[in-house]
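> Fold the following, please.
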Amino acid sequence: GPSMMTSLQHNSTTDVQLLQQALQVSNGDLAEAVAFLTEKNAKVPQQDEATYYQTTQVGNDRYISVGSQADTNVIDLTGDDKDDLQRAIALSLEESSRAFRETGITDEEQAISRVLEASIAENKASLKRTHTEVWSDSPNPHDRKRMENCPVGLKNVGNTCWFSAVIQSLFNLLEFQRLVLYYSPPARVQDLPRNQKEHRNLPFMQELRNLFSLMVGSKRKYVDPSRAVEILKDAFKSSESQQQDVSEFTHKLLDWLEDAFQMKAEEDREGEKPKNPMVELFYGRFQAVGVLEGKKFENTEMFGQYPLQVNGFKDLHECLEAAMIEGEIESLHSSAENSAKSGQEHWFTELPPVLTFELSRFEFNQALGRPEKIHNKLEFPSMLYMDRYMDRNREITRIKREEIRRLKEQLTLLQQRLERYLSYGSGPKRFPLADVLQYAMEFASSKPVCTSPLEDIDTSAPPGGTTGQLMPALRQGLSPAPTQAPSTQQRVPIHKPFTQSRLPPDLPMHPAPRHITEEELRVLEGCLHRWRSEVENDTHDLQGSISRIHRTIELMYSDKSMMQVPFRLHAVLVHEGQANAGHYWAYIYDPHQQRWMKYNDISVTKSSWEELVRDSFGGYRNASAYCLMYINDKKPFLIEEEFDKETGQMLSGLDKLPSDLKAYVKEDNGLFDKEIEEWDTLQARKAQQEKLALCWFMCLCLCVVPPGPQQDPEYMEQPSPTDDSKHLQEDTERAISKAAAEKQEERSPEGLLTAAIKVEYTRLLRFAQEDTAPENDYRLQHVIVYFIHNQAPKKILERTLLMQFADRNLSFDERSSSFMNLWPLHFSQMWHQDYRNFRETTIFLMIGLELFQKKCFVEALMYLIYSYQYNRELLVKGLYRGHNDALIGHYRRECLLKLNENAAGMFESGEEPEVCNGLSIMNELVVPCIPLLLVHDTEKDLLAVEDMRNRWCSYLGQEMEPNLQEKLTDFLPKLLDCSTEIKSFHDPPKLPTYSTLELVERYGRVMASLSRVPADGR
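Numbering: from 1, shown residues only. Sure thing, here's the model as predicted:
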C-alpha cells in the first residue's frame, strides 16, 4: 500500500552500492568489510522503485475498500436525496397499474420490484468502475513490447481517450488507412504553405501519417499520439474543454482531412473536376421533398455524419424514421396547393461507403442550467438495411408506412379491448375479469360457516368506556390498545401485524357464505365456469391478434427487395459518464478474425457482441454509444487487405508502408530495440551483482562478528527454540544433516550451506506441487510454498531461505540475519508483507467461519466482510495470492441473509424491544454492507440484496400498528438508498496471534467441516 511505499523511500542505499562502499572502506579486507556492514546505521537516499509497480494495463475495476469512501471519480447517478427515492417509487406505482392489468401482480408488489430493479441497476453502474486518464509507462520495455500481429494501442496523454476512439475506428478502415499512409502533400506547398489552413493541415497530415505508420509497423504495444493531438488542440482557444467538445473535435479532424485531400486533388485533377477521396468515403446525398406554406419544393443536399435524436426512441430504425420526416407531411401526398401546412421528408439518393450516425445523447436542462446526458436504452443492429430510406423506394416505403400506421391503429383498438378484460371493475383497484369470476367461484364453493367472525372476540367495554369506539375499529380489522391499562380484567388482545399466521385454529382461512343450497351452488358454478371460459377464450384471441400484428409490423421490411442496401456495423464509439466528464472507448469489428475488439487507450482486447451490447445500448448504465459507424457491405475494398502484385502474398507490417514511413518506423523500432538491449544489460549486471552479493553473504554467515539487531517476519521469528521457531529449526537442521550425509567430496562451509538450502527448497517445492484439499493448505505451513505458488523471483526465495538458515540456534551464525537487515531488498519486504496479509486474511476467514457455524452471525459478519475485502485485494495480484473468492463470498452473503432473516423475524413479532433490536441489526450491520455486495457485480450477491429488500418491502400495505408503520417508513429509504458512499463502518476486529501450527490446525478443522456440507450448501 501507499504507507509501505513511503517507508521504502526512506530506506538505505541499494544492495550493490552498499557492498561497493564496504569494499572501498575495507580496501578488500573481509573482516573490515563485515565490521562496516554490521555497524553502519547512517541512512542515505535510495532509488525510488515504486515505479516498478506502475502498470501499463487499464485499471478496469477500482473497488471501494471497507471503511473507505467512494472514489471521487466514480460517476454517481443515484444521489442521496430521499425526495428522488419517493419520486422513483411514485413513478413505479404509476407504471404498476398498467403492468397489473397484464400480469395480475398487485400495485405494491410491482412498485417494490421496480424500485429494487432500479436501485440494483444503478448501484451496479455507479460502483462498476472508473478509468485512469493518464498512463505511466512501465520502466521495463518488455512490458511495452507488442505481441505479434496484435493491434497497437494509443497512449492517453491527458483527456485524449476520445481521440484514440475516433482514430482507431478510422485506422481500421483499411481503405482510409491506405489513403492516409500514401498521402503526399502538394508539390507547390512543400517549401512554404500559402495560408494558415495549409500551415496547420499539412503538418497535421504528416503527424497522422507518422502515427498510422507506427500503428502498422511498431514493435511497441502502444504509441504516443501527442504531436497530432497538440496540433488539433491548438485550433481551439480553450484547451480545457476537450470532454465537452468531442463532437466538435471529431468534425474538425474530418474537415482537416478533407481540406488536405482537396489541395492534393486540385493539383492532380488535370482539367477534370477534382475528386476528394474523403468526400467520396464519408459524404452522401439526400433529397429533401416538402411543402413550405403550401408551396411544394424538392432539393438535394449533402451530408456527412448524420445526427439522430435518441430521446423517445427504442431502436435505430425509429430514430431514422423520425429524422426522415419533419413537420406535417400529409399535404405532400395531396393535390391541395393552398394548404398552409409545412413539412418535409428526406430520401437518400446516395449513401456514403462509410455511414456515420451521431447519437444525440446530450441535451441542455433549462431548469438546472447545464447539459445532461440521456441514458435511455437504444438498440441498433449489426446489419442495417437502408432500403426503406432510399429515394428509389420512395413510393413503396410510403405504402408500407401507411400500412404500419393502419396496423398500429388496429393494435391500439385491440389493446383497449384487451384492457377491459385485464383491468375489470369500477373502483380504484382493477382485476383481470377471469380472476374475478374464479374468486367468486371459490367463495361460493367454500364450506359454509354459521358463526360471526366477531364471536370469539370479547367486545365488552374496557376501563375508560371505549366500547363505542372499539367496535367499529374491530369491524375494520383494527384493534387499538385501550386508553388505560386494565387492572383486574383480562386485557383485550392487541392486534399485532402479520396476524394471518396467528388466526385461531377453529376459524376458516377465507370468508365463506353463511348458507348456500346445492341448487344455488350448481347454477352459480355452471354460470361462472361458462363465463370464465368465454372470457379466457376472448382474452386469448385478443392476445393472439395483437401478437400477429406485432409480427407483421416487424416483418414489414424483411422481404428481399427491401434488403438490397446492407450496411455492416464497423465501429461503436462509447461514452461512459455524464455530460461534462467521462471516458471514451471503441468497439471495432475485425472481419478477418470475425470478432469484436475493444480499443480502450493503450489496452486492445478481444471482446464480443454481448459485451458491446451491454456497454453501448445504454439504459441501466451510464455507458452508451454516442457514434455508430456502418460500412457498405457490398464494398469490400473498405476493409480488404493489400496483396503483393508479384507474389500474391498479403502485405503486412512494414511492407504496407511507403518508403519514407518505412524508414521512420525502422528508426523508432531501432530506438525501442536499443532500449530493450540496455534494459537487458542492466538486469544482467544486477543479477551478477546480486549473485556476487549472495556469495559474500554465505561467507559472512560463517564469520564471527558481534550480533546486530534481529527483526524477521513473525512467521520466521526465532526468540526461543519453541513453537514456530522450534519447528523451523528442526526443518533446517534436518536439511543440513541430509546435505552433510550425502556422499560428496569434502565440502567447504559455503558449499554445505548451499547444499542444505537446496535440500530444504526441494522439500518445500514438493509441497507446493501437491494437489491438496482446501483444509491442507501448505501455504500456511511455510512462506516459501506461498512464494512458489505465486512465482516469486528467485532472489526472494534465496533470501527467505537464508533468513531461515540464519537461526541463532544453528551452527550458522545469527549475524547472517543481522547482515540481511542491512541488505534492503525492497521487493523482498513487499513479498513478505503480502504473506503477512495472506495469514491475516486467513485468520479473519477462520474466525468468521467458526462463528458462522456456531450461528453467532452478528459476531461472524465483520470477520467475513474483512476477509472478503482483504482477499479481493490479494487476488488482484494473482490467482494464488489468496483464498477461494466464491467460498468467502458465499458465507459473507449467507451471514447477511441470516441476519436479515433474524431481524425481519424480530420486526414481525411486534414487541417493542425485539423490533428495535431487529432494526438496529439492519441499520448497523446489514445496510452498511449492501454496497459491498453490489460492488463486484456478481449475480448471487445482487439476488441476495434483492431478496433482503423484497422481504422488507413486502410489509408495505400490511396492517400494523402506527408506531411500527412509522419505523418501517423511516427504515425503508435507508435499505433502498442507491448511494454508493459507505457512510459508516466498523473497524476490523482485533486479531489474536497464532503460531503456524495452531493456525494450520484450526484452519484445517474448519475447512474440513465445510467440505462435509453438500455442494449446494457451500
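> remind me, longest helix of the protein?
In the chain, ranked by residue count with DSSP state H as the criterion, the top helix is helix 659-700.
> tell me what that one is packed against?
When contacts are defined as 3 or more Cβ pairs under 8 Å, 6 or more residues apart in numbering; DSSP states H and E, helix 659-700 packs onto helix 15-26, helix 30-39, helix 196-217, helix 749-769, helix 794-805, helix 815-821. Where C-beta positions appear, they are placed from N, C-alpha and C, glycine not excepted.
> between that helix and helix 794-805, what angle do the directions make?
Interaxial angle, helix 659-700 versus helix 794-805 (axes from the mean of the first three to the mean of the last three Cα atoms, to 10 degrees): 10 degrees.
> Rounded mean pLDDT for helix 659-700, please.
For helix 659-700, mean pLDDT rounds to 82.
> try stretch 616-636
The average pLDDT within stretch 616-636 is 87.
> Then stretch 292-309?
Mean pLDDT, stretch 292-309: 87.
> So for that stretch, what gets flagged as buried?
Neighbour-count burial for stretch 292-309 flags 303, 304, 305, 306, 308 (criterion: 16 or more other Cβ atoms under 10 Å).
> just stretch 153-170 next, same as before
Those buried within stretch 153-170 under the rule 16+ other Cβ under 10 Å are 153-157, 159-170.
> Please export the alpha-carbon coordinates of that stretch; PDB is fine.
Provided in PDB are the C-alpha atoms of stretch 153-170 (Å, rounded to 0.1, in the frame of the first residue of the first chain):
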ATOM      1  CA  GLY A 153      -3.000   0.900 -28.700                       C
ATOM      2  CA  LEU A 154      -2.700   4.700 -28.300                       C
ATOM      3  CA  LYS A 155      -1.400   6.300 -25.100                       C
ATOM      4  CA  ASN A 156      -3.700   8.600 -23.300                       C
ATOM      5  CA  VAL A 157      -1.800  11.900 -22.900                       C
ATOM      6  CA  GLY A 158      -4.400  13.700 -20.900                       C
ATOM      7  CA  ASN A 159      -8.100  13.600 -21.700                       C
ATOM      8  CA  THR A 160      -7.400  12.200 -25.100                       C
ATOM      9  CA  CYS A 161      -9.400   8.900 -24.900                       C
ATOM     10  CA  TRP A 162     -11.800  10.500 -27.400                       C
ATOM     11  CA  PHE A 163      -9.000  10.900 -29.900                       C
ATOM     12  CA  SER A 164      -8.000   7.300 -29.500                       C
ATOM     13  CA  ALA A 165     -11.500   6.000 -30.100                       C
ATOM     14  CA  VAL A 166     -12.000   8.100 -33.200                       C
ATOM     15  CA  ILE A 167      -8.600   7.400 -34.700                       C
ATOM     16  CA  GLN A 168      -8.700   3.600 -34.100                       C
ATOM     17  CA  SER A 169     -12.200   3.500 -35.800                       C
ATOM     18  CA  LEU A 170     -10.800   5.300 -38.900                       C
END
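> rewinding a little: looking at the buried residues of stretch 153-170, which are in strands?
The members of the buried residues of stretch 153-170 that map onto strands under DSSP state E are 153, 154.
> Surely residue 556 is in contact with residue 403?
Yes. Between residue 556 and residue 403 there is a contact at 6.9 Å, judged by Cβ atoms under 8 Å.
> list residues touching both of the two?
Common contacts of residue 556 and residue 403 (Cβ atoms under 8 Å, 6 or more residues apart in numbering): none found.
> So for these two, which sits in the more crowded spot?
Legend: neighbour count by other Cβ atoms under 10 Å for residue 556 and residue 403, higher for residue 556 (16 against 13).
> how about the strands of the stretch 451-600 of the chain, start to end?
Here the stretch 451-600 of the chain has its strands, by DSSP state E, counting those that start in this stretch, at 566-578, 581-590, 595-600.
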